[in-house]
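S.K.: Show me how the following folds:
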Amino acid sequence: MSDAISAPPWRGALVSEPVAVRLPATLTEHLEGLQLRHFSPDEIIRACGGGEPPWHLWGNIVPTLIVADAAREAIGRPTKITSAWRSDEYNWQNGGKEYSQHPTFTALDLAVLVGSWKARAQRELQDLLASWRGRRFFSPVPFKRVEVDCVPFAPLDTCAGCYSFIFEGGIGRYPAPGWPKFFTHLDTRGIRADWGAR
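M.R.: Here you go, the predicted structure:
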């Protein structure tokens, strides 16, 4: 298996001059530009708690969504985004941690929907994500990450002109009461972080 995943169709194009990029007018338009195979803009927006994220954070979620979409493709099982961006207030009301990646819009919570095999399917997703750390992924659109308040995340290793990044981030393994009983936290904070039962 190659270390490069989701390579862009326009390989080899070198940009020697700055290129003007039209910014999307809506979050839906921004998400549609990512050309995700398994997660719709409506699903992502519905998973946001406390309204829609501010426009200056939209680029933060790009790497996380690309990794999540590739993982969904690889495991071949229905997967739902249960949480994405959260306002600070919503995050605190729902037990979010002080340095949560959700208010920075770099995190998703994912639930694999496979009946009585949820625990095994979640572990497969978590193990796959862990094995992908250090791999390069490609984005079909340029993106810029913005730090929020004092929530740290390391800069991603991006390749100028090709919109690529090396996946490094957090993987949380959650068996939790209620639905979904088992879910996976995924973020692209730029450094490795693991928590929860293995």
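S.K.: what's the helix or strand for residue 66?
M.R.: Per DSSP states H and E: residue 66 is located in helix 62-75.
S.K.: can I have that helix written out in PDB, keeping just the CAs?
M.R.: C-alpha atoms of helix 62-75 as PDB (Å, rounded to 0.1, in the frame of the first residue of the first chain):
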ATOM      1  CA  VAL A  62     -10.400  20.100   5.800                       C
ATOM      2  CA  PRO A  63      -7.700  17.600   6.900                       C
ATOM      3  CA  THR A  64     -10.000  15.900   9.400                       C
ATOM      4  CA  LEU A  65     -12.800  15.400   6.900                       C
ATOM      5  CA  ILE A  66     -10.400  14.100   4.300                       C
ATOM      6  CA  VAL A  67      -8.900  11.500   6.700                       C
ATOM      7  CA  ALA A  68     -12.400  10.500   8.000                       C
ATOM      8  CA  ASP A  69     -13.800  10.100   4.400                       C
ATOM      9  CA  ALA A  70     -10.800   7.900   3.400                       C
ATOM     10  CA  ALA A  71     -11.200   5.800   6.600                       C
ATOM     11  CA  ARG A  72     -14.900   5.400   5.900                       C
ATOM     12  CA  GLU A  73     -14.000   4.200   2.300                       C
ATOM     13  CA  ALA A  74     -11.400   1.800   3.700                       C
ATOM     14  CA  ILE A  75     -13.600   0.100   6.300                       C
END
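S.K.: quick one: residue 62 and residue 141 touch, right?
M.R.: Yes: assessed by C-beta atoms under 8 Å, residue 62 is found in contact with residue 141 at 7.1 Å. All C-beta atoms are positioned from the backbone trio N, CA, C, and that covers glycine.
S.K.: what residues do those two have in common as contacts?
M.R.: residue 34 (C-beta atoms under 8 Å, 6 or more residues apart in numbering).
S.K.: Next up, the contacts around the most centrally placed residue in the chain.
M.R.: The centre of the chain sits closest to residue 64, judged by C-alpha atoms, centre = their mean, with a distance of 1.8 Å. By C-beta under 8 Å, 6+ apart, residue 64 lies in contact with 106-108, 169, 186-188.
S.K.: what's the answer for residue 132, then?
M.R.: 5, 67, 70-71, 167.
S.K.: okay if I get the residues you listed as CSV plus distance to residue 133 and neighbour count?
M.R.: Output for these, formatted as CSV (distance: C-beta to C-beta, whole Å; neighbours: other C-beta atoms under 10 Å):
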residue, distance to residue 133, neighbour count
5, 12, 19
67, 10, 24
70, 13, 22
71, 12, 22
167, 6, 23
